[in-house]
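Asks: here's my sequence, what's the structure:
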Amino acid sequence: MTSDLQEQTNPLILNKPHLVAPLTKVVSALITVVFWGFFVYLWWPLITLVAGMLGYHTINELTYAADMLNVRHLTISYALIVMALSGSLLLWAAVEYFRFRNLNRRRWPNAVVVADLATYSSLPESDLQQLQSERRMVAHHDDHGGVMQFDGAQQEKAAAGGKTVDFALHARLLGHPT
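Replies: You can find the predicted model right below:
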């Protein structure tokens with residue numbers, strides 16, 4: 001039995017946990033435990049610091065004291081590495097700026113000519129120009145996704161006046177099998 005909330009949600013979301021395979025549940029739980037362990041590992045230095053401040057001592061107290069002597073050396077090394085990387089990126093940005101400072105590589109795309117578009121779409125130019133002037137148009141598709149017919153406001157006006165305008169496209173022209 002499903003609730004109203006489950007019926008309104010996305011049908012691609014699995015809302016029936018009792019149908020999940022047991023192996024999937026075990027693998028999901030294992031991955032969750034591994035990533036929680038990794039999260040705690042990342043926070044371990046802060047946890048150790050807080051525990052030390054609260055008076056709790058670990059087994060590695062001697063190695064911790066030795067590591068504190070290396071903190072100054074590591075801080076200087078990391079600062080030098082960060083400065084070297086930042087300097088190289090700033091140098092690269094300056095070189096690229098001086099290299100391309102007077103070039104304008106942005107330009108508008110070329111306009112598409114109606115004749116080229118008509119050749120590409122296998123439509124007569126007159127029909128294509130009329131389709132481009134439509135404000136509202138409905139395209140009818142076949143089973144393969146090919147466009148079979150266009151209906152527009154101008155076509156409806158012409159049909160109401162006794163004239164019929166045919167925008168039917170043959171599936172063969174669009175490359176779809178008939």
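Asks: so where's the longest helix in the protein?
Replies: The longest helix of the chain (DSSP state H) is helix 61-100.
Asks: by contact count, what packs against that one?
Replies: If contacts are counted by 3 or more Cβ pairs under 8 Å, 6 or more residues apart in numbering; DSSP states H and E, helix 61-100 sits against no helix or strand. The way it works is simple: take the backbone N, C-alpha and C, and place the C-beta from them, glycine included.
Asks: what residues sit buried inside that helix?
Replies: Residues of helix 61-100 include none that count as buried (16 or more other Cβ atoms under 10 Å).
Asks: for it, what is the average pLDDT?
Replies: When pLDDT is averaged along helix 61-100, the result is 82.
Asks: following that helix, which helix or strand shows up next?
Replies: Going down the chain from helix 61-100, the next helix or strand is helix 114-121, by DSSP states H and E.
Asks: okay, now the unreliable bits of this structure?
Replies: Along the chain, the parts satisfying pLDDT under 70 run over 1-9, 11, 14, 56-69, 146-147, 153-178.
Asks: ok, 80 please
Replies: For the chain, the stretches with pLDDT under 80 are 1-17, 47-74, 104-106, 120-123, 127, 139, 141-142, 144-178.
Asks: list the contacts of Ser121.
Replies: Ser121 is in contact with Leu128, counting by Cβ atoms under 8 Å, 6 or more residues apart in numbering.
Asks: from Val112, how far off is it?
Replies: Per Cβ to Cβ, to the nearest Å, Ser121 is found 11 Å from Val112.
Asks: what of Arg106?
Replies: Going from Arg106 to Val112 by Cβ to Cβ gives 19 Å.
Asks: so for the two, which residue has more residues nearby?
Replies: Val112 (9 against 5; other Cβ atoms under 10 Å).
Asks: what are the phi and psi values for Val113?
Replies: Note on Val113: backbone dihedrals following degrees, to the nearest 10 are phi -80, psi 140.
Asks: number of residues surrounding it?
Replies: The criterion is other Cβ under 10 Å. On that basis, Val113 has 10 neighbouring residues.
Asks: what's the answer for the one 4 residues further on, then?
Replies: For Leu117, the neighbour count with other Cβ under 10 Å is 15.
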